[in-house]
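**Q** need a structure here:
(one chain, ligands or ions: 1)
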Amino acid sequence: MRLASQIALITGGSGGFGQATCQRFIEEGSTVILADIDEEKLAELALQYRDKSNQVKCMTFDVSDFEKVELGVNGIIAEYGKIDILVNNAGYLPKNDHWLENPIEDWHKVINVNLSGEFYCARAVANQMIERREGRIINISSSAFRHGGVPGGGGVSYTASKAGVVGLTRSLAKALGPYNITVNAIAPGPTLTPMTENWLPQSEDKLTESIPLGRLGTPADIANAALFLASKDASFITGACLDVNGGFTMS
Ligand SMILES: NC(=O)c1ccc[n+]([C@@H]2O[C@H](COP(=O)([O-])OP(=O)(O)OC[C@H]3O[C@@H](n4cnc5c(N)ncnc54)[C@H](O)[C@@H]3O)[C@@H](O)[C@H]2O)c1
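**A** Residues are numbered from 1 along each chain as shown. Okay, here's the model as predicted:
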């Protein structure tokens with residue numbers, strides 16, 4: 001068991017990557033708090049995990065509202081005593097990536113969820129990690145920050161937010177390294193999940209021509225990378241951005 005007695009908070013926990021990561025983490029002994037804004041999906045998951053209710057807790061949580069994030073995190077710490085692992089995974093992809101047509105509010109929403117949300121959650125968990133001299137923060141970025149985005153993949157605001165996540169990761173890694181807290185990012189390539197189901201199937205053939213491993217990623221590929229970064233095997237890795245995209249981008 002690579003995550004025995006660990007408490008993990010996974011934001012965007014009811015989505016594609018969130019679910020796969022939860023599954024992988026509980027297999028390895030972690031207790032998981034699935035935090036998401038989608039109450040309907042959370043209710044379905046609470047039913048699905050009813051036999052594992054001591055290991056999986058579903059929680060309504062809006063990462064773009066710092067006060068609610070703090071309340072939520074403090075509630076988890078009061079109940080479980082600690083948060084060992086934060087997976088900053090919640091994300092928003094605008095359906096329309098025509099940046100000149102989208103209202104300015106859409107830019108703010110993307111930045112608030114994808115970038116500020118990751119900062120808010122990291123800030124809310126940091127103090128108790130600092131006190132305990134232990135912690136793992138895993139920020140989900142996107143391969144878009146390297147290649148500038150693919151058609152359908154969210155466009156300018158999304159790509160900018162995911163580039164910001166990499167800067168946030170490096171800066172937090174410096175700030176928190178002296179307290180034995182690692183902070184790393186994962187940059188997934190295009191992967192079929194609810195977020196991408198309206199455009200990725202139509203682009204799959206063209207995209208896979210540019211992927212040396214010849215296929216799209218799966219949520220399990222991302223979950224395995226998160227497990228590695230959360231495990232003791234990654235204890236000397238911080239400030240890194242792990243590309244999980246079959247070679248679609250190389251750095
Ligand atoms: N699927 C891909 O191809 C891909 C590629 C690169 C990066 N990503 C990133 O991976 C992460 C997970 O995406 P996914 O593909 O599993 O998509 P998804 O849509 O299945 O999951 C995203 C989850 O985030 C939740 N969410 C949205 N706004 C929120 C908020 N304000 N507070 C809390 N939760 C909120 C949604 O309800 C959803 O459950 C996202 O950050 C996404 O940008 C996805």
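
**Q** which SS state does residue 182 fall under?
**A** Per DSSP: H, G, I helix; E, B strand; the rest coil, the secondary structure class of residue 182 is strand.

**Q** separation between it and residue 235?
**A** In this view, residue 182 and residue 235 are 7 Å apart by CB to CB, to the nearest Å. (Glycine included, C-beta is placed from N, CA and C.)

**Q** who's more crowded, the two?
**A** Under the neighbour definition other CB atoms under 10 Å, residue 182 and residue 235 were set side by side, and residue 182 has more, 22 against 10.

**Q** now that one, nearest residue through space, not along the chain?
**A** residue 238 (4.1 Å; CB to CB, 6 or more residues apart in numbering).

**Q** what sits against the one you found?
**A** Residue 238 makes contact with 173, 177, 182-184 under the criterion CB atoms under 8 Å, 6 or more residues apart in numbering.

**Q** among those, which one sits closest to residue 9?
**A** Comparing these against residue 9 with CB to CB places residue 183 closest, at 14.4 Å.

**Q** which residue ranges form the strands in the stretch 151-251 of the chain?
**A** Secondary structure of the stretch 151-251 of the chain (DSSP state E, counting those that start in this stretch): strands located at 181-188, 241-244.

**Q** please apply the same query to the stretch 1-150 of the chain.
**A** Listed in chain order, the strands found in the stretch 1-150 of the chain under DSSP E, counting those that start in this stretch are 7-11, 31-36, 56-60, 85-88, 135-140.

**Q** let me know which of those is tucked in deepest.
**A** With neighbours taken as mean count of other CB atoms under 10 Å, the strands of the stretch 1-150 of the chain reach their highest mean count in strand 85-88, at a mean of 28.

**Q** give me the mean pLDDT for that one.
**A** In this model, strand 85-88 carries a mean pLDDT of 99.

**Q** for stretch 15-29, same thing?
**A** If you average the per-residue pLDDT over stretch 15-29, you get 98.

**Q** how about that stretch: buried residues?
**A** Judged by neighbour count using 16 or more other CB atoms under 10 Å, the buried positions of stretch 15-29 are 15-26, 28.

**Q** mind listing the helices for the stretch 151-251 of the chain?
**A** In order along the chain, the stretch 151-251 of the chain carries the following helices (DSSP state H, counting those that start in this stretch): 155-176, 200-208, 219-230.

**Q** all set now, cheers.
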